[in-house]
Structures are given as structure tokens and as C-alpha cells.
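S.K.: coordinates for the following, if possible.
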Amino acid sequence: MNKQTTKQLLDGVPEFCELVKHYLLYSIGKDWDKATKNDIFLAVSLAVRQKIIDGMLETEKRQKNTKRLYYLSMEFLMGRSLGNNLYNLKIFDLCKESVEKSGYDLEEIREIERDAALGNGGLGRLAACFLDSLASLDLAGFGYGINYEYGLFKQEIDNGYQKEKPDNWLAEKTPWEIERPNETCLIPVYGKIVHAQDLDGNYNPMWMDWKVIIGVPHDMPIVGYGGKTVNYLRLYSARSSEDFDMQIFNSGDYLKAVEQKMSSETISKVLYPSDNFESGRELRLIQEYFFVACSIRDIFKRYLENNKEFDDFPNKVAIQLNDTHPALAVAELMRMFVDEHDCSWEKSWEITQKTLGYTNHTLLPEALEKWSVPLMENVLPRHLQIIFEINRRFLEEVRTKFQRNEVPNDEAKLRRMSIIEEGETKQVRMANLAIVGSHSVNGVAELHSNLVKTSLVPDFYQFYPEKFNNKTNGVTQRRWLLKANPLLSDLITKTIGDAWITNLYELSKLEPFATNKDFQKEFLRIKLENKKRLAKIIQKTNRLVVNPESLFDVQVKRVHEYKRQLLNAMQIIHQYFTIVLDGEKVITPRTYIFSGKAAPGYFMAKLIIKLINNIASVVNKDPKLNGQIKVVYIPDYRVSLAEKIFPASDLSEQISTAGKEASGTGNMKFAMNGALTIGTLDGANVEISEEVGRENIFIFGLTVEDIQRIQREKSYSTWNYYNENKNVKRVVDAIGSNLFCKDEHGLFLPIYDKLLNSGDEYFHLADLQSYIDTQQKISIEFKSTEKWAEKAILNLARMGKFSSDRTILEYAKDIWGLRPVGTVSLLNR
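M.R.: Numbering: from 1, shown residues only. Take a look at the predicted model:
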């Protein structure tokens with residue numbers, strides 16, 4: 001910090017202190033000497049919010065009548081806001097000095113804030129990174145979602161089992177949300193279609209007898225770096241309709257009125273209610289429609305403030321669908337244009353397609369949403385009618401193209417492309433609806449986008465080749481490096497300047513320092529400090545002492561079979577046996593760190609969590625290991641915990657089955673913090689490997705082409721791997737035995753059975769030996785401290801491509817037609 005900056009900081013401290021005291025007294029009603037740490041957190045947040053709101057109002061003026069992006073997502077995994085806002089406003093040091101001057105530690109104050117539990121995994125965190133980049137790039141981009149009262153769940157580990165506890169993050173009101181009760185939306189659901197005619201005798205369906213849900217918006221400001229642009233995330237809470245309730249009440253049924261109110265407000269109560277039962281599926285469908293309908297009403301309202309006709313709609317509005325959850329936007333846009341604004345079907349369809357873009361996030365066909373026709377007919381009868389008409393016209397277009405190309409109708413292809421899936425119970429395919437209704441369909445990594453075109457929906461790619469494109473994911477360096485790893489950030493800035501904060505390609509200037517002994521020494525010192533910080537967290541949460549100088553081998557992500565936490569566990573079992581049974585020496589002490597939640601109803605994922613914890617119990621207590629190998633499962637993975645894990649990691653586990661992970665973004669966060677990757681050629685691992693150099697990443701296992709060939713030839717024999725490889729056999733037998741479940745005999749037999757008798761869908765046995773060999777190589781390389789440091793620094797230096805700023809600029813240019821407001825140079829990067 002130079003002298004001028006230091007003087008500016010000191011000059012601003014008294015003013016900021018007074019602002020904090022003002023809010024403490026007049027908003028919280030406390031004197032300074034009686035304030036709790038929570039009171040101080042709220043007062044500091046309100047003082048910061050004042051600056052943010054000034055910026056938000058100024059941004060609103062600057063963006064008036066410019067084209068806007070509306071990013072629709074069921075999830076926004078925002079994490080904590082205070083620290084992020086302080087960094088992006090460039091007042092972190094000012095706030096720290098002010099708080100310390102008043103006798104408090106800013107870090108302790110920041111720890112009070114609860115994570116905003118508005119998402120689950122990568123989908124929601126990606127959306128949050130995108131909002132940060134939109135604002136930092138001065139683009140008019142806004143998020144729309146649901147203001148969940150309860151997040152996914154708070155995870156506890158009890159006797160090795162995942163236990164789900166309610167995560168009521170809004171129990172104490174957040175200072176970061178601004179309620180807008182005067183901008184509520186009335187949302188119709190249920191009812192029936194009355195088949196009528198207009199005055200000219202044309203068919204005029206009427207949606208009648210619907211019930212009403214009220215959507216109340218809450219704005220969460222999104223501060224761009226430097227504070228010039230402050231956009232917002234608009235989140236809707238569901239409220240019951242007072243008019244409707246009063247009608248029931250006046251009819252004498254008070255209990256029914258209360259029941260209706262509670263039912264309506266359940267819609268925004270919890271993220272992803274269980275859909276194991278029909279009532280849960282109905283709630284999920286209503287949730288998705290509720291936030292889509294609220295969003296589109298708000299978009300129309302804003303557009304009509306400055307425009308009378310809809311001809312210019314696609315030039316002023318871009319809507320991006322983050323996966324299939326918001327796909328009802330296709331039908332809702334059509335309904336708004338046709339029913340409420342009397343536009344022709346043809347014009348409405350043209351505008352809808354030009355406005356919407358769809359991002360696919362999965363290659364798992366079972367993860368593509370479908371809704372039963374009877375359910376949709378009950379909940380959204382008019383939308384179902386519109387979807388059937390969209391489908392009729394679309395299939396006619398496909399048939400016409402067949403005829404024009406003198407190709408006979410391919411009924412099988414028509415069935416695959418139809419939005420309506422035939423069967424005992426007809427289903428609405430939401431991915432097909434999103435593809436047909438959008439002008440752009442993108443994947444999120446080069447490999448993923450190619451597989452979308454060739455494996456997931458090849459018929460659509462052949463029909464609409466111009467729609468399909470790739471936008472490789474990225475993460476915001478401002479949260480995942482600047483904020484999460486301040487020691488490393490300071491070293492980077494001291495070495496190459498601070499331009500990397502807004503242009504991550506600047507990190508390439510670190511390459512010459514990869515072999516610089518002084519830089520390596522400081523880089524490794526910082527890594528050790530971050531590991532010591534994480535070790536303290538592990539000791540506090542897990543009551544386990546780990547060695548910060550051991551190799552921190554980390555796999556943190558949502559628990560799913562394709563992500564292969566089980567493969568990691570199998571390799572740990574193998575290493576354990578080589579030491580205690582084979583008498584091999586430990587080459588490099590290791591701490592295996594896991595964290596991540598499994599869906600409450602996902603039996604196999606929860607059993608894998610139990611297996612990992614039971615392995616930990618055996619390994620951590622075995623005196624033969626002498627503490628050189630430790631295994632730990634940190635509970636309740638969330639953004640604020642991730643911010644402490646990534647900077648402390650030496651090895652990043654990205655070991656999904658090739659062809660299953662769309663992209664992954666944890667891989668980018670790890671590498672951005674100086675961890676090396678062990679991974680398959682899956683998702684964005686492929687592009688990370690290309691950027692950092694194959695010699696600076698540890699790749700193993702089957703490729704997508706290998707797996708596709710094996711599946712074509714039906715040549716995968718799990719029993720061959722079991723019988724022909726003693727390492728595989730020993731590990732699998734251990735899982736099937738009671739070694740790791742002495743108090744619950746046969747507990748892990750379902751895993752044993754799935755590996756051997758149920759086809760091993762995710763190729764654990766095929767990849768295990770390659771994984772073991774690669775881990776052995778890593779153990780040897782980690783001992784060469786200088787060489788490891790060089791590779792880690794090169795990983796950091798070559799992360800430029802994986803900033804969400806780059807991703808957003810590509811979306812803005814290729815899909816949204818969006819330009820920065822107030823600057824013209826950013827799109828030329």
C-alpha cells in the first residue's frame with residue numbers, strides 16, 4: 001500500500017466508524033458498549049449497504065433503456081456477502097481498520113454471517129459467479145430466482161451417517177435483501193380451460209377458475225469490482241392471496257383459509273423438496289412455474305415502461321435458462337404474448353425464440369426434467385395447451401424438412417424429437433421444449449458441448465446445427481482468489497500488479513517466477529499457512545489432528561456415483577493395505593479430505609459417505625500408520641467452507657467417469673489456488689490440461705472414446721477385472737467384508753454388489769489400477785518440493801481462460817448481444 005492510499009484509508013476511518021455507530025444506534029437500537037458481535041455485523045453491513053444502494057441507483061440511471069440480460073436459475077449459491085462486497089467496493093482495508101479501531105476483529109465479525117442457502121452445488125455457484133462477472137464487466141445482467149426460506153439442508157455426520165437438519169438461513173433477517181412489496185406479482189395456477197370463440201369466430205381459449213399466488217420480490221445487490229456497476233439478484237417469496245383467503249374465510253371455513261395460506265407460502269419454503277411422492281413433484285412444478293412467471297411478468301413490466309410495441313423486445317431483452325428448471329419460460333412467454341397482449345402466434349413465436357437461450361448442464365439422460373401430462377394439466381392447463389401446439393407445429397416443421405430433402409418420415413426420430421414423450425403416462429420433455437423454444441443451446445465445456453451434439457440430442461443438432469455452441473464455464477477470481485486467499489493474492493499483486501483482478505490472463509506474467517527460488521519459498525510458505533488454518537477447522541469440527549505438512553489430497557463436491565468419491569475411497573483402502581499388510585513404507589504422508597452433501601433420498605451416495613467415514617475410523621486409529629495417513633470428512637460443505645479448503649489444497653480430485661461431468665468448476669478453483677489436479681479427461685479437465693500442459697496435471701483412466709467403444713462392444717466384464725487384478729480383488733473384498741462395518745455386518749454389501757454384479761456403471765474397477773499408479777507417482781513427485789512448487793505456480797499462471805469474466809464476455813457477444821454500459825473496451829479482450 002503506497003503512502004497516498006494509506007492516507008486515504010486513515011482519512012476515511014472516522015467517517016466509516018460514525019456511519020457504523022449511526023446504524024447501530026438508529027437501526028438496531030443499541031449503544032456501542034452494549035452491542036454484541038452480531039449487532040456489530042449488522043451495523044457494519046448496513047453501513048456498507050448504504051454505499052451499495054447509492055451505486056445501485058446510479059447504475060439504474062445509467063442502464064435505462066439499454067438491452068438487459070435476465071438470468072433465470074433455480075439456484076444461486078451466493079455464500080456470504082459482507083467480505084465479497086468489501087473487496088469489490090475496494091473498502092476492505094478501510095472497514096478492517098475501522099472495526100479494529102472500535103475494538104473488534106473483522107474476521108470474527110465476518111464469521112457471524114450465515115451462507116445464503118439459495119443453492120446446492122455447481123449449478124448455483126456458477127450462477128453466482130456469473131452475476132459477479134456481469135457487474136464487474138459493466139453489463140446490465142440480473143438474476144431471477146426463489147427466495148428460499150430453507151436451503152437444501154444443514155449436513156451433520158452422526159456415527160458416519162449423513163443427517164439432514166433444517167437450514168433456516170433467513171431466521172435472522174439478512175441485511176443484504178431489500179424487499180419490494182410494491183412490485184408484487186399475481187401468479188395464476190390450477191383452474192380449467194374454457195373453449196370459447198372471439199367476436200370474429202376464432203378459437204379463443206379462456207383460462208378460468210385459477211387460484212392466485214403472490215410473488216414478493218427481494219433484491220440482493222450484486223457489486224461489480226470497483227463499485228461502478230451494482231446490479232441485483234431478484235428473489236421471489238410466495239405469499240397467499242388475501243382476497244382469495246377472505247372469500248374462504250367469509251364462507252365460514254377459517255381452517256381452510258389458514259390451510260390455503262400455508263400451502264401457498266410453502267412454495268418458497270425449501271430448495272428442492274422431495275419429489276419421491278406426487279405431492280412433492282407437484283410442489284416442484286409449482287416452484288418452477290412460480291419463479292418463471294414472476295420473472296417474466298417483471299421483465300414485461302420493465303420493457304413496457306419504455307416501449308409500447310413488442311417488435312423491439314429481443315433487442316432489449318435476453319433471457320438465459322440455466323438448465324431445464326426454467327424451461328416453462330417458453331410456454332409462459334407465448335402465453336403472455338398471445339393471451340395477455342393479443343399478439344399473433346407467429347409473431348409471438350419469433351420473438352420468443354429470439355429472446356431465449358438455453359444452457360444444458362448434464363449428460364445424464366435421467367437428469368433431464370420431465371413432467372407428466374396429467375400433473376401439468378392439473379397445475380398449468382393453459383401452458384400444457386400451448387406446449388401441445390408448439391409441439392404440433394414443430395413436428396410439422398420436421399416432417400416438412402424431411403419432405404423437402406426427399407427423406408421418408410423417420411417416425412423413430414420424430415418420437416425422439418417430440419416435446420411429448422409417448423407412453424402409459426405421457427410426459428413433457430423440458431429439455432426438448434427449451435431447445436425448440438431458444439435461438440441458442442450451449443454446453444459448458446468443449447467436450448460436454450460435443451457430447452450434447454453427438455450423444456445427448458444428435459437429432460436436434462442435425463435439425464438446428466446453427467443453434468448449438470460451447471461456452472466453457474469459469475469462476476470469479478475475485479471471490480475464489482482475491483477474497484478466499486488474501487495471502488496469495490497479495491503475493492501476486494506485489495509481483496505483477498493488480499490487473500489480474502479484472503483480467504485473469506494477466507496471471508501469465510507469473511510464469512517466469514515458477515522457477516524463482518524466492519518466489520517458490522514464499523508461495524510454499526503461504527500454502528502452509530492456509531493448510532494450518534484448515535487444520536484448525538478440522539480439529540474443531542472433526543476433533544482430529546492432521547499434519548499441515550502432509551499432502552492435502554482433497555475431493556469436495558456434491559456426492560454422486562459418477563463423481564466417484566467411491567473410487568477415491570477404494571484407493572485409500574489399497575494404500576492402507578500396502579502399509580499394514582504388505583509392509584510398504586509411506587512415501588509421502590497424506591491427509592485425505594472429503595466434503596459434500598448427498599441428496600436426502602440418494603441411498604447409494606449416502607452409503608458411500610458412511611463408507612468413507614468408517615474407513616476414516618479404521619485408518620485414523622491404526623497405530624501401524626503412525627499418523628502418516630489420515631482421512632477426514634468435513635460436514636456441511638458450503639461456500640464459506642470452500643473458501644478455506646481451496647487455498648489449503650495440494651491435490652485436487654477431479655475423477656468423474658469420462659463423459660459424465662459437464663464441466664466442473666471446483667477444478668478451476670483448486671488450480672487457481674495452486675493445487676495440482678488428478679483427474680480423468682472429463683468436463684473442463686480436458687481444457688485445463690491443454691492450458692497448464694500435460695506435464696503439470698495428472699491424467700489417468702478411460703477416455704470418453706474408450707468407454708463408448710466398450711459400451712458398443714458390450715465388453716466390460718467387472719469379474720475379469722476382479723479376477724485378474726489382485727489389487728482390485730483385495731479392495732472389493734474388503735468392501736464386501738465386515739472390516740469397515742464391524743458393528744453393522746454386511747452394511748456395504750450393496751456397494752460390493754453394484755461393483756461386481758450390477759455392471760459397475762461408472763467404471764470404478766476399470767480405472768482403479770490406473771488411479772493407484774497415478775497416486776503413487778504423485779507421492780514421489782510431492783517429495784521434490786521445488787518441482788512441485790514450479791508445477792503449482794504454472795497451474796496458477798495458466799488459469800486465465802477459466803475466469804467467468806471470459807465466459808460472460810463470450811455469452812454477451814455470441815448469444816445475448818449485450819454491450820458494457822459506460823465502457824467499450826472490455827469486449828475486445
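S.K.: beta partners for K163?
M.R.: When bridges are called by DSSP bridges, K163 pairs up with E156.
S.K.: that one and Q155 touch, don't they?
M.R.: Yes - checked against C-beta atoms under 8 Å, the pair K163 and Q155 is within contact range at 7.3 Å. Yep, even glycine has a C-beta here, placed from its N, CA and C like the rest.
S.K.: those two: which has the busier surroundings?
M.R.: Q155 (23 against 14; other C-beta atoms under 10 Å).
S.K.: wait, that one touches Y637, no?
M.R.: Yes - in this structure, Q155 is within contact of Y637 by C-beta under 8 Å, at 7.2 Å.
S.K.: now the common contact residues for the two.
M.R.: Residues touching both Q155 and Y637 comprise K597, with contact defined as C-beta atoms under 8 Å, 6 or more residues apart in numbering.
S.K.: show residues contacting stretch 21-41.
M.R.: Taking C-beta under 8 Å, 6+ apart as the rule, stretch 21-41 contacts 20, 42-43, 46-47, 82, 99, 102, 104, 108-110, 112-113, 172.
S.K.: ok, 7 Å please
M.R.: 42-43, 46-47, 104, 108-109, 112-113 (C-beta atoms under 7 Å, 6 or more residues apart in numbering).
S.K.: stretch 93-105 now?
M.R.: So stretch 93-105 is contacted by 9, 12-13, 16-17, 20, 40, 44, 86, 106, 109 (C-beta under 7 Å, 6+ apart).
S.K.: about what we covered before: mind checking which of the contacts of stretch 21-41 are buried?
M.R.: Neighbour counting by 16 or more other C-beta atoms under 10 Å classes 42-43, 46-47, 104, 109, 112-113 among the contacts of stretch 21-41 as buried.
S.K.: of these, which belong to helices?
M.R.: 42-43, 46-47, 109, 112 (DSSP state H).
S.K.: closest one to A331 out of these, please.
M.R.: Sorting these by distance to A331 puts L46 at the head of the list, at 41.3 Å, by C-beta to C-beta.
S.K.: W176 is in contact with the closest one, correct?
M.R.: No - counting by C-beta atoms under 7 Å, L46 does not reach W176; the two are 10.0 Å apart.
S.K.: each with direction, which strands does the lengthiest strand in the chain pair with?
M.R.: Among the elements of type strand in the chain, defined by DSSP state E, the one spanning the most residues is strand 211-223. Strand 211-223 sits in its sheet next to strand 178-179 (antiparallel), strand 185-189 (antiparallel), strand 230-240 (antiparallel), going by DSSP bridges.
S.K.: convert the second one to CSV, retaining C-alpha atoms only.
M.R.: These are the backbone C-alpha positions of strand 185-189, laid out as CSV (Å, rounded to 0.1, in the frame of the first residue of the first chain):
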residue,chain,number,x,y,z
CYS,A,185,-46.8,-10.3,-9.0
LEU,A,186,-50.1,-12.2,-9.1
ILE,A,187,-49.5,-15.7,-10.4
PRO,A,188,-52.4,-18.0,-11.5
VAL,A,189,-52.3,-21.8,-11.0
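S.K.: just the CA trace of the helix or strand that comes right after that strand, in PDB.
M.R.: Heading C-terminal from strand 185-189, the first helix or strand you meet, by DSSP states H and E, is strand 192-197. In PDB, the C-alpha atoms belonging to strand 192-197 read as follows (Å, rounded to 0.1, in the frame of the first residue of the first chain):
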ATOM      1  CA  LYS A 192     -59.500 -25.100 -16.300                       C
ATOM      2  CA  ILE A 193     -59.700 -24.200 -19.900                       C
ATOM      3  CA  VAL A 194     -63.000 -22.900 -21.300                       C
ATOM      4  CA  HIS A 195     -63.100 -23.400 -25.100                       C
ATOM      5  CA  ALA A 196     -64.600 -20.200 -26.400                       C
ATOM      6  CA  GLN A 197     -64.600 -18.000 -29.600                       C
END
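S.K.: run me through the strand neighbours of strand 192-197, direction for each.
M.R.: strand 203-208 (antiparallel).
S.K.: can you get me a residue count around E529?
M.R.: E529 has 14 nearby residues by other C-beta under 10 Å.
S.K.: for it, pull up the helix or strand it's in.
M.R.: Under the criterion of DSSP H and E, E529 resides in helix 517-542.
S.K.: show me where pLDDT drops low in the protein?
M.R.: 1-11, 242-263, 273-279, 406-407, 823-829 (pLDDT under 70).
S.K.: quick revisit: most neighbours per residue, which of the strands paired with strand 211-223?
M.R.: strand 230-240 (a mean of 24; mean count of other C-beta atoms under 10 Å).
S.K.: got a list of contacts for that one?
M.R.: 52, 55-56, 59, 76, 131, 134-135, 141-147, 213-224, 260-261, 264-265, 267-268, 290-291, 294, 298.
S.K.: and it, how far out from the chain middle?
M.R.: In terms of C-alpha atoms, centre = their mean, to the nearest Å, the centre of strand 230-240 is found 18 Å from the chain centre.
S.K.: again, but for stretch 377-390
M.R.: Per C-alpha atoms, centre = their mean, the centroid offset for stretch 377-390 relative to its chain is 30 Å.
S.K.: about what we covered before: please, a PyMOL command that selects the buried ones among the contacts of stretch 93-105?
M.R.: This is how PyMOL selects the buried members of the contacts of stretch 93-105, with burial counted by 16+ other C-beta under 10 Å:
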select buried, resi 9+12+13+16+17+20+40+44+86+106+109
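S.K.: show me which of the contacts of stretch 93-105 is closest to T184.
M.R.: Nearest to T184 among these is V44, at 30.7 Å by C-beta to C-beta.
S.K.: which residue sits closest to the closest one in space, ignoring its chain neighbours?
M.R.: Distances taken as C-beta to C-beta, 6 or more residues apart in numbering put V20 closest to V44, at 5.5 Å, once the chain neighbours are dropped.
S.K.: got it, and K316?
M.R.: K67 (5.3 Å).
S.K.: related to what we said a few turns ago, of the ones in helices among the buried ones among the contacts of stretch 21-41, just say which sits nearest to L333.
M.R.: Distances from L333 to those, taken by C-beta to C-beta, are shortest for L46, at 38.1 Å.
S.K.: and the closest one, how far is that from N84?
M.R.: 16 Å (C-beta to C-beta, to the nearest Å).
S.K.: tabulate the strands paired with strand 211-223 (CSV), appending distance to Q571.
M.R.: Formatted as CSV, those follow (distance: least, C-beta to C-beta, whole Å):
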stretch, distance to Q571
strand 178-179, 49
strand 185-189, 50
strand 230-240, 40
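S.K.: which SS class is L69?
M.R.: Secondary structure assignment for L69 (DSSP: H, G, I helix; E, B strand; the rest coil): strand.
S.K.: now do the contacts for it.
M.R.: Per C-beta under 7 Å, 6+ apart, neighbours of L69: 134, 139-142, 318, 320, 816, 818.
S.K.: roughly how far apart are it and L235?
M.R.: 17 Å.
S.K.: hey, where'd the helices end up in the stretch 451-600 of the chain?
M.R.: 458-463, 477, 486-496, 517-542, 565-580 (DSSP state H, counting those that start in this stretch).
S.K.: now the longest one: buried residues?
M.R.: Neighbour-count burial for helix 517-542, counted by 16+ other C-beta under 10 Å, picks out 519-520, 522-524, 526-527, 530-531, 534-535, 538, 541-542.
S.K.: and what of the third one?
M.R.: Using 16+ other C-beta under 10 Å as the test for burial, helix 486-496 gives 486-489, 491-492, 496.
S.K.: look up the closest residue to V639, ignoring the ones flanking it.
M.R.: Nearest to V639 is G79, by C-beta to C-beta, 6+ apart, at 2.9 Å.
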